[in-house]
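Undergrad: With the input below, show me the fold.
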Amino acid sequence: MMVKGLFVAVVVCAAVLSAIALVSNANELARGFGDSIAWRDLAAGQLEAEQTGKPIFIIIHKTWCGACKALKPALAQYDEYLELSRYFVMVNLEDDEEPADGMYAPDGGYIPRILFADPSGTVVDELYNKFGNQKYKYYYHDGPGVAAAMRRALEHFDVSYE
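TA: A predicted model of the protein is given here:
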């Protein structure tokens, strides 16, 4: 009887540890930009966008970048950004995942950059930070600015939200 109880305890502990591991690894592509968001890599994001017709939100950042590190909690804790993300295919590109194609650096290779692409994967140049520095049009530093850009992108793509 004691062996059976010990066996059950071991099985329960193993199940709990497995569940914790699954939750902690559930969305490793989040990288601090919002664990509740279903992040994709570029290839998977483009495929999903083609299949669903959703526009694509692309963030390009580097692990060593101070501005990128500061943007993570600013976005991850901003409710409107988290809510609006469900209307996009969310693509998170870090370090060497940054595409070499110039389409992803329309006005330079600074970081972080947030771009919006149509469902076919083409970056829409006119969707940029209207309130930011015009030399760095795709740079954002806070949640309200990103959420405003997301709303403009949804309007551009004629996606109803609320």
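Undergrad: Identify the residues contacting stretch 152-162?
TA: By Cβ atoms under 8 Å, 6 or more residues apart in numbering, the residues outside stretch 152-162 that reach it are 54-55, 57, 84, 87-88, 116, 118, 124, 126-127, 130, 151. To be clear about C-beta, it is placed using only N, CA and C from the backbone, and glycine gets the same treatment.
Undergrad: switch to 6 Å and redo it
TA: Contact with stretch 152-162 is made by Pro55, Tyr87, Phe116, Leu127, as judged by Cβ atoms under 6 Å, 6 or more residues apart in numbering.
Undergrad: okay, among those, which ones form the most distant pair?
TA: Largest separation among those by Cβ to Cβ: Tyr87 and Leu127, giving 13.8 Å.
Undergrad: which one of those two has more residues nearby?
TA: Leu127 (23 against 18; other Cβ atoms under 10 Å).
Undergrad: contacting residues around the more buried one?
TA: Leu127 neighbours (Cβ under 6 Å, 6+ apart): Phe116, Ala153, His156.
Undergrad: ChimeraX command to pick out the buried ones of those residues?
TA: With 16 or more other Cβ atoms under 10 Å as the criterion, this ChimeraX line picks the buried residues out of the contacts of Leu127:
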select :116,153
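Undergrad: Is it possible to get CSV of the contacts of Leu127 that adds pLDDT and secondary structure?
TA: Listed next are these as CSV, based on pLDDT from 0 to 100; DSSP: H, G, I helix; E, B strand; the rest coil:
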residue, pLDDT, secondary structure
Phe116, 98, strand
Ala153, 98, helix
His156, 98, helix
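Undergrad: Just send the contacts of Leu127 back as a markdown table, with distance to Ala105 too.
TA: Output for the contacts of Leu127, formatted as a markdown table (distance: Cβ to Cβ, whole Å):
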| residue | distance to Ala105 |
| --- | --- |
| Phe116 | 14 |
| Ala153 | 18 |
| His156 | 20 |
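Undergrad: Can you tell me which of the contacts of Leu127 lies closest to Leu29?
TA: For the contacts of Leu127, the nearest to Leu29 is Phe116 (18.3 Å; Cβ to Cβ).
Undergrad: right, and the helix or strand after the helix or strand of the chain with the lowest mean pLDDT?
TA: Here the helix or strand of the chain ranked lowest by mean pLDDT, DSSP states H and E is helix 2-25, holding a mean of 45. Per DSSP states H and E, the first helix or strand lying C-terminal to helix 2-25 is strand 39-40.
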